[in-house]
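Undergrad: Provide a 3D model corresponding to the input given below.
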Amino acid sequence: MEAMSSAVLARPSQQGAPQRAPRRFLPEVQALRALAVTLVVIYHLYPAAAPGGFVGVDVFFVISGFLITSHLLREATSTGRISLPKFWAARIRRIMPAAIVTVLAVVAATFAWWPPSQWAEISRQAIASLLSVENWVLAADSVDYLAADNAPTAVQHFWSLGVEEQFYVAWPLLVLAAAFVASRVKSRRLSARGLSALVFTAVIVVSLVYSIHLVRSGDPAAYFVTTARVWELAAGGLLAAILPAAGWAAHNTVRVTTALLGVAVLAGVAAFYTDRTPFPGQGAILPVLGTLAVIAAGRTAGLGSLHRLTDWAPVQWVGNASYSLYLWHWPVYIVATQLLGRRFHWWEALALTALSLLLAWISYRWIETPTRRWKPISRGPWRAVLAGSLATAVALGLAVVPTLRASAITEQQQAAAAQLLASKPDGFGAAAWQSADGAAFVDGTAIVPTAATVSRDQPDSRCMAKWDATSVKPCTLGDTTASRTIALVGDSHAHQWMDALDTIAKAEHFKLQVFTRASCPFSLTPRTLQRDRHTNCTATNAQTLDTLVKEKPDAVIVASWTGSAYVSDPRPGFAQAYQRLSDAGITPVVLRDTPWGTLPGDQYVRDCVAMHPADPSSCGFSRKAALHTDGAVDAAKQLGLAVIDPTSWFCSDTRCPAVVGNVIVWRDKNHVSDTYLSTVIPQLGRELDAALG
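TA: Numbers count the residues shown, from 1 in each chain. Sure thing, here's the model as predicted:
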């Protein structure tokens with residue numbers, strides 16, 4: 001069995017053996033692990049202390065690439081073979097037990113600390129984490145405009161483990177192939193290490209170029225996808241391949257200097273990088289080089305050496321427990337955020353760090369270490385594979401439970417909502433402002449849509465160009481045979497009015513043309529390029545203006561999100577667009593942005609309503625906090641254009657409630673539900689008629 005499960009390579013050479021066996025335990029690498037996890041924990045719990053602490057993940061990637069490749073090359077050159085089952089079994093024993101326990105703990109905690117509206121999403125990401133594909137799930141969500149702002153779950157940090165575990169599957173095969181080719185070439189100049197180094201270099205170049213391309217193109221998936229991250233692990237692998245021949249051992253001063261420079265680089269990027277730093281791409285080069293420098297320096301001594309710090313027992317302990325600490329600190333952070341509903345004070349961050357360390361010690365002492373050495377699964381590689389498969393299958397079954405329970409709750413709520421929607425009692429939705437002074441409930445306590453489904457209560461997204469589109473093709477709605485045409489232009493906050501305007505257009509017999517692009521307000525002032533969504537709208541806005549001037553609709557309705565960031569004052573850019581329309585004989589009508597605000601802890605309105613379905617009064621915003629400076633409206637007023645202000649359809653003189661007339665108002669952090677907007681159609685129709693004269 002062992003012979004069949006191993007890949008046989010060339011026999012190890014008996015000549016030229018090193019005079020000194022390579023060190024198996026590397027305290028400087030353990031210290032790097034401690035530094036990496038400390039940066040990540042600080043970044044999450046108290047980011048002001050290390051705004052670039054997210055680079056700790058990159059440090060982990062380089063360390064993993066170095067250690068794993070060192071192990072594989074050492075086995076290939078010393079035994080003449082690589083046992084893939086043994087390698088994968090070792091990874092299973094090392095990674096899977098603590099990961100499964102963490103995921104199941106989060107699943108169990110779901111029912112206590114998270115609203116039912118999040119249960120299905122937690123299940124989805126828990127399953128992805130158990131299958132080591134969480135990074136691809138987050139990558140898909142990040143480029144999905146409707147899912148990009150999903151609330152973070154307590155297993156979201158498994159994305160980096162997914163990258164590493166995918167690396168563990170593919171990388172040994174690459175090393176094996178290189179070693180096999182080297183053994184067949186039989187050239188003194190082409191060893192397994194040499195050929196591996198060439199292959200690793202090619203991987204680094206291709207992956208890094210791809211990563212830079214994704215970052216520069218503004219693709220948010222760049223942060224998560226393995227193809228844009230594998231170069232960091234490969235860099236560690238390249239160091240493992242070339243380090244034995246580098247001849248560093250005789251140059252302690254050079255090594256001390258290199259180590260100090262590496263640490264300085266890591267400290268610098270942790271202090272000066274921010275969420276707006278383009279990353280990974282070229283932004284990840286510095287932390288990767290810093291990590292490589294510390295590893296390459298190895299054990300140092302004498303003046304300037306960090307060996308006393310790296311050998312310090314607490315540092316080594318944190319390095320040993322770094323995996324468990326990484327696993328547990330994020331759920332602690334998410335739960336604390338859920339309970340406190342705000343950012344932490346420094347002393348709260350310290351308390352949460354202590355709790356994370358305690359959970360890490362329990363995990364390391366009672367889960368990680370015992371299972372790694374447990375004889376029933378360590379006696380043969382296939383036992384570990386079988387045990388890991390069975391444990392994963394059981395965990396997957398348990399991870400589905402929140403979804404099943406959420407489905408049952410949602411089914412009951414939807415049945416009540418359907419009855420309410422069919423009857424539409426007096427005061428339903430926005431009508432409650434006239435009949436019941438904006439009361440949350442006018443008939444029972446059923447809510448339409450349900451908190452679990454309101455995120456999908458929106459117009460057809462196919463009529464809105466994606467955030468990275470290079471052109472906007474209009475959708476034609478309303479009375480498509482009518483000679484009168486009105487266009488709707490702007491970003492997703494314009495698009496949210498599409499169905500309401502479509503209903504009005506059919507009743508009033510005009511054609512509705514929709515020119516909307518996600519994250520692109522209709523201003524000729526450029527948007528700010530942000531790390532999470534690089535958007536430059538001026539080109540597509542200019543194209544849309546050209547099309548409108550050419551087709552000459554009777555009027556253009558403009559609406560924009562007031563939370564957009566610009567490189568300068570956006571009002572001149574709006575004014576330019578309005579003026580060009582007016583000069584072409586087209587009537588601009590500006591629709592003020594709908595109110596929106598921020599709940600404690602950056603919570604979604606729908607999640608707050610799910611936690612307080614019978615009394616959602618705590619889930620709304622003050623009117624003052626929900627109204628924001630609207631550059632599109634200011635520019636329109638300066639030019640004397642018609643402005644429609646819908647604020648009174650959402651807010652009283654002091655408050656903007658989350659539920660009005662049994663209808664939930666917001667479907668996410670700032671977009672209004674389609675159902676609620678359908679209830680303001682009478683007001684919108686009257687205001688539009690008045691604006692158009």
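Undergrad: end to end on stretch 579-594, go ahead and measure it.
TA: Stretch 579-594 has an end-to-end distance of 24 Å (C-alpha to C-alpha, to the nearest Å).
Undergrad: so which bits of it are buried?
TA: Buried residues in stretch 579-594, counted by 16 or more other C-beta atoms under 10 Å: 580-581, 586-594. From N, CA and C alone the C-beta is placed, and that goes for glycine too.
Undergrad: nearest to Arg373, of those residues?
TA: Thr594 (59.1 Å; C-beta to C-beta).
Undergrad: what about the residue lying closest to Ser622 once chain neighbours are set aside, how many residues nearby?
TA: Spatial nearest neighbour of Ser622, chain neighbours left out: Arg655 (6.1 Å); criterion: C-beta to C-beta, 6 or more residues apart in numbering. Burial of Arg655 is recorded as 17 neighbouring residues (other C-beta atoms under 10 Å).
Undergrad: can you pull the phi/psi pair for Arg655?
TA: phi -140, psi 150 (degrees, to the nearest 10).
Undergrad: the one 5 residues further on now?
TA: Phi and psi for Val660, reported as degrees, to the nearest 10, are phi -130, psi 120.
Undergrad: show me what it is bridged to.
TA: Per DSSP bridges, the residues bridged to Val660 are Val663.
Undergrad: what about it, how many neighbours?
TA: 30.
Undergrad: thinking again about what came up before, I'd say the residue nearest to Ser622 and Ala625 touch.
TA: No - between Arg655 and Ala625 there is no contact under C-beta atoms under 8 Å: 9.8 Å.
Undergrad: related to what we said a few turns ago, show me what contacts the residue nearest to Ser622?
TA: By C-beta atoms under 8 Å, 6 or more residues apart in numbering, Arg655 lies in contact with 620-623.
Undergrad: any buried residues in the longest helix along the chain, and which?
TA: As assigned by DSSP state H, the longest helix anywhere in the chain is helix 84-113. Neighbour counts over helix 84-113 (16+ other C-beta under 10 Å) mark 84-107, 109-110, 113 as buried.
Undergrad: ok, then the element right after that helix?
TA: As assigned by DSSP states H and E, the chain's next helix or strand after helix 84-113 is helix 116-130.
Undergrad: next one: that next one to chain centre, how far?
TA: 14 Å (C-alpha atoms, centre = their mean, to the nearest Å).
Undergrad: give me the mean pLDDT for it.
TA: Regarding helix 116-130, the rounded mean pLDDT is 94.
Undergrad: tell me the angle of it relative to helix 84-113?
TA: 170 degrees (axes from the mean of the first three to the mean of the last three C-alpha atoms, to 10 degrees).
Undergrad: elements contacting helix 116-130?
TA: helix 84-113, helix 134-143, helix 158-185, helix 381-399, helix 401-423, helix 605-611 (3 or more C-beta pairs under 8 Å, 6 or more residues apart in numbering; DSSP states H and E).
Undergrad: TSV for these, including mean pLDDT and distance to Leu39?
TA: As requested, these are exported to TSV (pLDDT from 0 to 100; distance: least, C-beta to C-beta, whole Å):
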stretch	mean pLDDT	distance to Leu39
helix 84-113	93	20
helix 134-143	89	20
helix 158-185	89	13
helix 381-399	92	29
helix 401-423	91	32
helix 605-611	91	30
